[in-house]
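Participant: here is my input, please return the structure:
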Amino acid sequence: MSDWQVVFLGVMAVALVAMAAAQVLIGVTVLRATRQLTDLAGQMRNYMRPLIEKATRLTDEASKVTSMAVVQMERVDKLTVLLATRVDETMGAVQSAVVGPVRQGAAVLAGIKAMVGAVREWQNRPSRPHEDEDPLFVG
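Facilitator: The predicted structure is shown next:
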């Protein structure tokens, strides 16, 4: 072997050791970066967990409130329908209780009016000539 071959073998050995050291350094750096990212992901998970739990509770509460509001609206609707029905029934009862007697009272008043008119007419008629007198007799 010549001197140059030994020198080149030495340069290649140093280069090989340098590449191996660089690869180990890169591996260690990647491992550290991976651990840091894992830790960061864990911290983010820890920070986000309470927010997600609160959001879940809020949506659950909102769902409960919405369902309760729907039930209340159904009750109000039923109550409104019942109230409208009762008002219609009451108005019908009042109408039949008031209109019937008013009509009867109006009929009675019309009868009384007719009687008073007949009495007045009878009183205002001209008196009849006496039967002794002849209406065509002059003198």
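Participant: in what helix or strand does N46 lie?
Facilitator: Assigned by DSSP states H and E, N46 belongs to helix 3-124.
Participant: I26 - how many residues pack around it?
Facilitator: 10 (other CB atoms under 10 Å). Heads up, the C-betas are built off the backbone N, CA and C, glycines and all.
Participant: correction: Y47
Facilitator: By the criterion of other CB under 10 Å, Y47 has 9 neighbours.
Participant: got it, and E61?
Facilitator: The number of residues packed near E61 is 10, by other CB under 10 Å.
Participant: any idea how far K54 is from it?
Facilitator: Distance of E61 to K54, given as CB to CB, to the nearest Å: 10 Å.
Participant: swap in A97?
Facilitator: Distance from A97 to K54, by CB to CB: 62 Å.
Participant: next: M91.
Facilitator: M91 is 54 Å from K54, by CB to CB.
Participant: quick one: low-confidence parts of the chain?
Facilitator: 1, 126-139 (pLDDT under 70).
Participant: and A118, how many neighbours?
Facilitator: 10.
Participant: A107 versus that one, what's the distance?
Facilitator: Taking CB to CB, one finds A118 at 16 Å from A107.
Participant: with N46 instead?
Facilitator: From N46 to A107 the distance is 91 Å (CB to CB).
Participant: check Q123 too.
Facilitator: Counting by CB to CB - Q123 and A107 are separated by 25 Å.
Participant: between those two, which has more neighbouring residues?
Facilitator: Between Q123 and A107, A107 has the larger neighbour count (other CB under 10 Å), namely 10 against 7.
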